[in-house]
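S.K.: Need the 3D shape of this:
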Amino acid sequence: MVVKRPRIVIVGAGMAGLTAAHRLRTVAGDLIDLSVLEAGERLGGRILSSHFAGDRVEMGATWIHGIEGSPVHAIAAGIGALSADPLDPYERMDGFPNDPVTVAEGGGVVAPSVVDSVSLFYKNLMDSAREGKVPVTAENGSVGSFLRSGKGSLTADGSGDWTLDSVFAISENTERTYTSADDLDTLDLAAESEYKEFGGDQITIAKGYSRVIEHLAGVLPEGSIRFNAKVRDIEWCHVDVGEGPVRVHVDGGMEEEEVLVADHVIVTVSLGVLKAGLRKDADPGSVMRFTPGLPGFKREAIGRLGFGVVDKLFMEMDGGDGEEFPYLQLAFKPAEGHVGKIPRWMRRTASICPIYGGSRVLLAWLAGEAAAEMEELEDDDVISGVKATLEAFHVSGVGRILRVRRSQWRKNPLFLGSYSYVTVGSSGDDLDLMAEPLPRGKSSSALQLLFAGEATHRTHYSTTHGAYFSGIREANRLLQYYRFLW
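M.R.: Numbers count the residues shown, from 1 in each chain. Coordinates of the predicted model:
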């Protein structure tokens, strides 16, 4: 008697998709028919390790956010990816810099005592929110409104000293890169107490984040991952359940469209791609569709959750006067005090610093509309904008910017942004709805569509380990369904 192997298709070869594939393969082996469809030309999704000016850099995911209990740390340690090669220096190999010099627009250094007190004040505010100690009301329902109300006591002396506001804004700009929210007034305050972090050090991966991805993919048989396989439509609830309830329509490019028949499809595309598929004005040939369309509860959750962009801008310097470039925090003046020709997109940058002590490669992080604006510029215009900023802060002796390299996650049609956040009007419940498989219920037709990715994890959204946990979750759901796991 020949027993039919369940056919499982995974859409996306990022952290979530490859984690699910790794789990299914290592537990069920050849007892399942497994395919991974990747629309791009590489593994990793929003993980991309690279080299720039002789240093290893991360264009996407960079940090292991706490090593205690992190599955990413466990994998990286297990495969030797944390061991450094002295001939291959890497981003933040000396940890997060803790010796910033805070400079003021127009010149001058802000007193460390002022910076430390304002930074601690900000940290205490956000810690109180994350520990659930702040009653959430209509007046402070967003992180932005909460911070404004809290900041009032910081500037209550009425001195009008703009540096307090500007140093406070450094932490706000950093918050934007943590969360990907362009406007902190859209970031839900209540969700801060649900978000979980791991303890211990925050570190980068010496041999590159992509080594984790390569390890996950390494167990899959040759040919099970297909590149340049753009999914145009996922047709589910098909009437011919005997052949398979799901049809995956793959763009054939110059060839005819290919249709894969599957029993289950695990969808791991970004929340940005899912949002694009819901737009009524979207070009049908440029988005991924579902037939029939996703049910209302799923569409509404996709619509309510936020999906922002965070970009990294790397700059190679020529060495200047030979001194090491410091870790600079930028205290921008309010509008009436603007100096020079600092472009608008640079005014949301919290800092510019070498990627490790002594490196000639500098890094600035940008989020939201500032990142989107930077993505549209030519390299020469980016260089001019950074140069104008450094001049306005009277930073001297740093040399010329020889070239830049930057991520462009918003422009990339395979992602359309970086990671998710909980908006005002949304909640952790929407993250749970994102994870719910279709069709709903426990009928024999259940588990046709499963959903994984960082935007489907209630407490670890926006992170690679959240994506990892979601891939394990959906793989286990199928393994239990077929009784490979009990």
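S.K.: quick one: low-confidence parts of the stretch 251-400 of the chain?
M.R.: 252-254, 320-322 (pLDDT under 70).
S.K.: if you set the cut-off to 90 instead, what comes out?
M.R.: Per-residue confidence for the stretch 251-400 of the chain (pLDDT under 90) gives these ranges: 252-257, 279-287, 318-326, 334-341, 394-399.
S.K.: residue ranges for the strands of it, please.
M.R.: Using DSSP state E, counting those that start in this stretch, the strands found in the stretch 251-400 of the chain span residues 258-262, 264-267, 289-291, 306-308, 310-317, 328-331, 351-354, 361-367.
S.K.: Of all those strands, which one comes closest to residue 169?
M.R.: Across those, residue 169 has its closest neighbour in strand 328-331 (7.6 Å, C-beta to C-beta). No exception for glycine: its C-beta is placed from N, CA and C like everyone else's.
S.K.: What is the neighbour count of the nearest residue in space to residue 250 that is not next to it in sequence?
M.R.: Spatial nearest neighbour of residue 250, excluding adjacent residues (C-beta to C-beta, 6 or more residues apart in numbering): residue 258 at 4.5 Å. Residue 258 has 12 neighbours, counted by other C-beta atoms under 10 Å.
S.K.: Could you do residue 343 as well?
M.R.: Neighbour count of residue 343, defined by other C-beta under 10 Å: 17.
S.K.: got it, and residue 352?
M.R.: Residue 352 has 25 neighbours, counted by other C-beta under 10 Å.
S.K.: State the distance from the nearest residue to residue 391 once chain neighbours are set aside to residue 387.
M.R.: Closest residue in space to residue 391, ignoring its immediate chain neighbours: residue 340 at 6.0 Å, by C-beta to C-beta, 6+ apart. Here the criterion is C-beta to C-beta, to the nearest Å. By it, residue 340 lies 10 Å from residue 387.
S.K.: for residue 403, same thing?
M.R.: Applying C-beta to C-beta to residue 403 and residue 387 gives a distance of 13 Å.
S.K.: Look up the closest residue to residue 376, ignoring the ones flanking it.
M.R.: Nearest one to residue 376, counting by C-beta to C-beta, 6+ apart, is residue 411 at 7.7 Å.
S.K.: count of residues packed around that neighbour?
M.R.: Residues lying near residue 411 (other C-beta under 10 Å) number 14.
S.K.: Go ahead and confirm it touches residue 375.
M.R.: Yes: using C-beta atoms under 8 Å, residue 411 is in contact with residue 375, at 5.1 Å.
S.K.: tell me, what's touching those two both at once?
M.R.: Counting by C-beta atoms under 8 Å, 6 or more residues apart in numbering, residue 411 and residue 375 have no shared contacts at all.
S.K.: Show the average pLDDT along stretch 205-212.
M.R.: Taken as a whole, stretch 205-212 has an average pLDDT of 98.
S.K.: What is the end-to-end distance of it?
M.R.: Its first and final residues considered, stretch 205-212 spans 9 Å by C-alpha to C-alpha, to the nearest Å.
S.K.: Please give the centre-to-centre distance between that stretch and its chain.
M.R.: Computed by C-alpha atoms, centre = their mean, to the nearest Å, the chain-centroid distance of stretch 205-212 equals 16 Å.
S.K.: got it, and stretch 362-370?
M.R.: 13 Å.
S.K.: Over to stretch 416-428?
M.R.: Centroid displacement of stretch 416-428 relative to its chain, using C-alpha atoms, centre = their mean, is 11 Å.
S.K.: Can you give me the distance of the residue nearest to residue 376 to residue 276?
M.R.: 13 Å.
S.K.: cool, residue 354 as well?
M.R.: 37 Å.
S.K.: higher neighbour count, those two?
M.R.: In this view residue 354 and residue 276 are compared by other C-beta under 10 Å, and residue 354 has more residues nearby, 23 against 19.
S.K.: Now the more buried one: closest residue in space that isn't a chain neighbour?
M.R.: Nearest to residue 354 is residue 325, by C-beta to C-beta, 6+ apart, at 5.2 Å.
S.K.: Is that neighbour in contact with residue 318, as I believe?
M.R.: No: the pair residue 325 / residue 318 is not scored as a contact, 11.3 Å apart, by C-beta under 8 Å.
S.K.: can you list residues touching both of the two?
M.R.: Joint contacts of residue 325 and residue 318 (C-beta under 8 Å, 6+ apart) are residue 360.
S.K.: More neighbours: the two, which one.
M.R.: Taking neighbours as other C-beta under 10 Å, residue 325 and residue 318 compare with residue 325 leading, 22 against 10.
S.K.: what separates stretch 270-279 from the chain centre, distance-wise?
M.R.: 15 Å.
S.K.: ignore the last one, stretch 189-204
M.R.: Per C-alpha atoms, centre = their mean, the centroid offset for stretch 189-204 relative to its chain is 14 Å.
S.K.: Now do the helices in the stretch 151-300 of the chain.
M.R.: Assigned helices in the stretch 151-300 of the chain, in chain order: 162-179, 210-217, 271-278, 296-304 (criterion: DSSP state H, counting those that start in this stretch).
S.K.: quick one: which of those is nearest residue 30?
M.R.: Nearest to residue 30, of all the helices of the stretch 151-300 of the chain, is helix 210-217, at 17.3 Å by C-beta to C-beta.
S.K.: which residues sit against that closest one?
M.R.: 13-15, 18-19, 21-22, 43-44, 47-49, 72, 75-76, 79, 81, 205, 225.
S.K.: if you set the cut-off to 7 Å instead, what comes out?
M.R.: By C-beta atoms under 7 Å, 6 or more residues apart in numbering, the list of residues contacting helix 210-217 from outside reads 15, 18-19, 22, 43-44, 47-49, 72, 75-76, 79, 81, 205, 225.
S.K.: sorry, back to before: please report phi then psi for the residue nearest to residue 354.
M.R.: For residue 325, the backbone dihedrals (degrees, to the nearest 10) come out as phi -70, psi 130.
S.K.: so it touches residue 397, yeah?
M.R.: No: here residue 325 does not reach residue 397: they are 8.8 Å apart, not a contact under C-beta atoms under 7 Å.
S.K.: give me every residue that touches the residue nearest to residue 354.
M.R.: Residues near residue 325 by C-beta under 7 Å, 6+ apart: 317, 354, 362, 398.
S.K.: ok, which pair from those is furthest apart?
M.R.: The most widely separated members of the contacts of residue 325, counting by C-beta to C-beta, are 354 and 398 (10.3 Å).
S.K.: Would you quantify the distance from the nearest residue to residue 343 once chain neighbours are set aside to residue 90?
M.R.: Leaving aside its sequence neighbours, residue 343 sits nearest to residue 385 (C-beta to C-beta, 6+ apart; 4.2 Å). According to C-beta to C-beta, residue 385 and residue 90 sit 27 Å apart.
S.K.: Give me the below-cutoff pLDDT ranges for the stretch 51-200 of the chain.
M.R.: Ranges of the stretch 51-200 of the chain meeting pLDDT under 90: 86-87, 96-99, 107, 132, 134-140, 150-163.
S.K.: could you pull out the strands for it?
M.R.: Under DSSP E, counting those that start in this stretch, the stretch 51-200 of the chain gives strands at 55-58, 101-104.
S.K.: Report all helices and strands that the first one contacts.
M.R.: Here strand 55-58 touches strand 49-52, going by 3 or more C-beta pairs under 7 Å, 6 or more residues apart in numbering; DSSP states H and E.
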